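> I would like the atomic coordinates for the input below:
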Amino acid sequence: MTLIKKHTGGRVITPNLIIINFLGDNPYFSREIWVAHGSPPNLALGDGWTSIDDFTFMDTNLKKIKLPTSITYIGNSAFENAQDLESVIFNPDSQLKTIGEGAFKDAKALTTIEIPSGIETIPFHAFQHATKLKSIKFDMEHSQLKTIEAGAFNYTDLHSLYLPKGIQRVSQYAFFGNINLTEIHMYPSVLERLNADDLTTQARFGMNSFDDNNMFFGLDHPVNIIPIHNTRGGRHKIRSRTRKSITRRRRRTIQRKSKRRRTMKRQ
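This next block holds a predicted model:
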């Protein structure tokens, strides 16, 4: 166990962040290991841990956790009802593949989370009743997310949502109880995949939206659907080519006029 110390202008600041290092034995981090190290509320796991066991931090006073690149699995209900949990930090190159059912259910202090790009499914009730959760961030281009299961984000405080390119299914009641959710941003390919026929402006995600295989159930208020277009770079290129074309035409015109003037002088 290591206490992280930060040096600033000659002063030593101890933010009380405890590192529990992996010692090369069992790579599954458990509640017993956390308790054996004094149950620190602000925690960083050293590289080498691969999993957080089911129920590890359930009903605990954990406030902050920083997870190493090596973590690939977060267990069922791993952080359920950890009502003081404010921050979950993943490394940019996180290898996380699986989030268990109810993993962050009732994490009522959590306000934002960035989902690692390797996650393919956000499972049942993963963030249900995380009532202060305002922001979910995805790597829009590289996220492998395909499915959001039933009740995954029930009763959160989302105001807007950006869905990555690979989304194939959003299950029933995935966003039920999100009374402040008014905008969902999607790529046109996602709109088409989710059978969103005329949803470029507004949709009422209720019991009759889409089909049974990939519908948004359970939003009973109008939601603005905002298409995401990757056209900016293309437009810039077109403008660039247009400017070049105009420049070439002007150059030719000047050359022709100059040639005429020289011809007239000779005559």
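> how many other residues sit next to Ala109?
For Ala109, the count of nearby residues is 15 (other CB atoms under 10 Å). C-betas here are computed from N, CA, C, even on glycine.
> swap that for Leu163, please
Count around Leu163 with other CB under 10 Å applied: 21.
> just the one 3 residues further on next, same as before
In terms of burial, Gly166 registers 19 neighbours under the definition other CB under 10 Å.
> which non-adjacent residue is nearest it?
Lys146 (5.5 Å; CB to CB, 6 or more residues apart in numbering).
> do Met186 as well
Leu163 (5.1 Å).
> Quick check: the one you found vs Pro41, distance?
33 Å (CB to CB, to the nearest Å).
> now do Thr182
35 Å.
> Lys66 now?
The value you get for Lys66 to Pro41, if CB to CB is used, is 13 Å.
> Now do the residue nearest to Thr50 when sequence neighbours are not counted against Ser117, distance only.
Sequence neighbours aside, Pro27 is the residue nearest to Thr50 in space, at 4.2 Å (criterion: CB to CB, 6+ apart). Here Pro27 is placed at a distance of 22 Å from Ser117 (CB to CB).
> Who has more neighbours out of those two?
For Pro27 against Ser117, the residue with the higher neighbour count under other CB under 10 Å is Ser117, and the figures read 19 against 13.
> does the more buried one count as helix, strand or coil?
coil (DSSP: H, G, I helix; E, B strand; the rest coil).
> Contact partners for it?
Ser117 makes contacts with Ser94, Phe138, Asp139, His142, Ser143, Gln144, as judged by CB atoms under 8 Å, 6 or more residues apart in numbering.
> Make a ChimeraX selection of whichever of those residues turn out to be buried.
This is the ChimeraX syntax for the buried subset of the contacts of Ser117, where burial follows 16 or more other CB atoms under 10 Å:
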select :94,138,139,143,144
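> Show me the shaky parts of the stretch 151-267 of the chain.
For the stretch 151-267 of the chain, the stretches flagged by pLDDT under 70 are 195-222, 230-267.
> re earlier: how about a markdown table for the contacts of Ser117, with pLDDT added?
Shown next, in a markdown table, are these (pLDDT from 0 to 100):
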| residue | pLDDT |
| --- | --- |
| Ser94 | 97 |
| Phe138 | 95 |
| Asp139 | 92 |
| His142 | 93 |
| Ser143 | 96 |
| Gln144 | 97 |
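> buried ones in stretch 79-90?
Going by 16+ other CB under 10 Å, stretch 79-90 has these buried residues: Phe79, Glu80, Asn81, Ala82, Gln83, Leu85, Glu86, Val88, Phe90.
> Give me the distance between the two termini of it.
Start to finish, the residues bounding stretch 79-90 are 15 Å apart (CA to CA, to the nearest Å).
> before we move on, what about stretch 135-150?
Stretch 135-150: ends 19 Å apart by CA to CA.
> Residues touching that stretch, excluding its own?
111-115, 117-127, 153, 158, 161-174, 217, 228.
> Stretch 81-92 too?
By CB under 8 Å, 6+ apart, stretch 81-92 touches 41, 57-69, 79, 96, 104-111, 113-114, 116.
> Buried ones only from those residues, please, as a ChimeraX command.
Buried residues among those (16+ other CB under 10 Å), as a ChimeraX selection:
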select :41,57,58,60,62,63,64,65,66,67,68,79,96,104,105,106,107,110,113,116
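> Of the contacts of stretch 81-92, which belong to strands?
Among those, the members found in strands (DSSP state E) are Lys64, Ile65, Lys66, Leu67, Ile113, Glu114.
> residue contacts, the fifth one?
When contacts are counted by CB under 8 Å, 6+ apart, Ile113 touches Val88, Phe104, Phe127, Leu133, Ser135, Ile136, Lys137.
> can you pick the most crowded of these?
Result: Phe104 is most packed of those (other CB under 10 Å), 28 neighbours.
> thinking again about what came up before, residue contacts, the residue nearest to Thr50?
Contacts of Pro27 (CB under 8 Å, 6+ apart): Gly48, Trp49, Thr50, Ser51, Ser70.
> just to revisit the earlier point, quick one: which of the contacts of Ser117 is nearest to His37?
Ser94 (22.7 Å; CB to CB).
> Right, I'll leave it there.
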